[in-house]
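# Take a look and give me a structure for this.
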Amino acid sequence: MLTEIGRGRLTVNLGAIIANWRLLGAMHPGQTAAAVMKADAYGLGAAAIGPALRDAGCRHFFVAHRQEGVALRQAIGPGPMIAVLNGFAPDDSDLVPVLNSLPDVNAWSGMGREAILHLDTGMARLGLDAAEQMILAGAPSLRQGIVLRFVMTHLCCADEPAHPLNEAQQERFAAACAPYPDVPRSLANSSGLFLGAGYATALARPGAALYGLNPTPGQPNPMQPVVTLEAPILQIRQVRTGESVGYGAAWTATRPSCIATVAAGYADGYLRALSGRGWAILAGRRVPLVGRVSMDLLTFDATDGPEPAPGEMITLMGKGVAPDDLGHVAGTIGYEMLTSLGARYDRAWVA
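So this is what the prediction gives:
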């Protein structure tokens, strides 16, 4: 009789997320930390994370799309602000739009509703550009009837502390906010919080750091780890010297080798770019990924240690194998490692 070994398991530590949020919120006096919940809380489950942060005292949330805001409101209930960064139709009375252009301002004018005004200071992506900022500053009537909760901008290079654009954006933002002296400001993202007291405002908007990603690249990670990703070993194969493993015969054994085939692949968000570069943790030791990442399977060289057994779990992401580190060797960032995680893992949220 065949026995099903099972699927991979993704465990999200809610206590670590709350601890990270509290740490970030306490970094500068007078500053409150929001929680950025884009892309289903960076792929980790907004429906579980949102209520945990709400219960911990978080009262400001940011999402990218209207649909994300609607789902988050259902999860956390009434009360806390949910701001939609990409804008939305004006019939959602319990969501707060981020106004990114003069047409956005015009659409919201006269409604007597809350909004956040986004001023672009160098990202050249969303937000009122310099010309629109001058028009709005010179014609206050254009925003008549808009209840501004915050004025915000977004830092381009906060993860590079020495980059000159950080200081330039800080100065531009201070000047652009002059027409709105009574409106609270929001400047720092996760990395921006670590640029110093000059970047502190009423509301910080951390995202990646909440979920354990390092906001200070090149320095020790000040955040608690949040994610543990494990997958079961399906089969153990003894490979002779000179035999290859996987598609394209991309890896050839240079010695008799013990290969563990694991139930995960690029369909589960384990990037194909990790082929021949990744590693995992098996029984407390590091084992290299050999051969190509395929859709549903990974192969690791488990030769240097006790032979594992089918059904044993191997850690693909967690202690000893951080998302940031995997992102680096894959030529990307930890953000993509988290947001790519697929739907086939059994998920658990632990306190």
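# next one: stretch 179-194 to chain centre, how far?
On the basis of CA atoms, centre = their mean, to the nearest Å, stretch 179-194 sits 20 Å off its chain's mean C-alpha point.
# Which of the residues in it are classified as buried?
Judged by neighbour count (16 or more other CB atoms under 10 Å), stretch 179-194 contains these buried residues: 180, 183-194. To be clear about C-beta, it is placed using only N, CA and C from the backbone, and glycine gets the same treatment.
# Repeat that for stretch 58-72.
Neighbour counts using 16+ other CB under 10 Å place C58, H60, F61, F62, V63, R66, E68, G69, V70, A71, L72 of stretch 58-72 among the buried residues.
# now do stretch 107-115
For stretch 107-115, burial by neighbour count (16+ other CB under 10 Å) applies to A107, W108, S109, E114, A115.
# Tell me which stretches of the stretch 1-150 of the chain form helices.
Ranges of helices in the stretch 1-150 of the chain, per DSSP state H, counting those that start in this stretch, are 14-25, 38-43, 46-56, 66-76, 102-108, 130-138.
# and L338, what helix or strand is that in?
helix 334-339 (DSSP states H and E).
# hang on, T153 packs against A124?
No - using CB atoms under 8 Å, T153 is not in contact with A124; the gap is 11.8 Å.
# Neighbour count for the two, which is higher?
Comparing T153 with A124 by other CB atoms under 10 Å, the one with more neighbours is T153, at 24 against 9.
# Could I get the contacting residues of that one?
Residues in contact with T153 (CB atoms under 8 Å, 6 or more residues apart in numbering) are H118, L119, D120, T121, M123, G127, Q169, R172, F173, A176, S186, L187.
# what bridges to the second one?
The residues listed as beta-bridge partners of L119 by DSSP bridges are L128.
# dump the residue contacts of it.
Counting by CB under 8 Å, 6+ apart, L119 has contacts G127, L128, Q133, V151, M152, T153, F173, A176, C177.
# For the stretch 101-250 of the chain, give me the ranges with low pLDDT.
For the stretch 101-250 of the chain, no stretch is flagged by pLDDT under 70.
# What segments of it are strands?
Under the criterion DSSP state E, counting those that start in this stretch, the stretch 101-250 of the chain contains strands at 113-118, 146-152, 185-186, 203-204, 227-239, 244-245.
# Quick check: neighbours of the fourth one in the sheet, parallel or antiparallel?
By that I understand strand 203-204. Using DSSP bridges, the strands paired with strand 203-204 are strand 32-33 (parallel).
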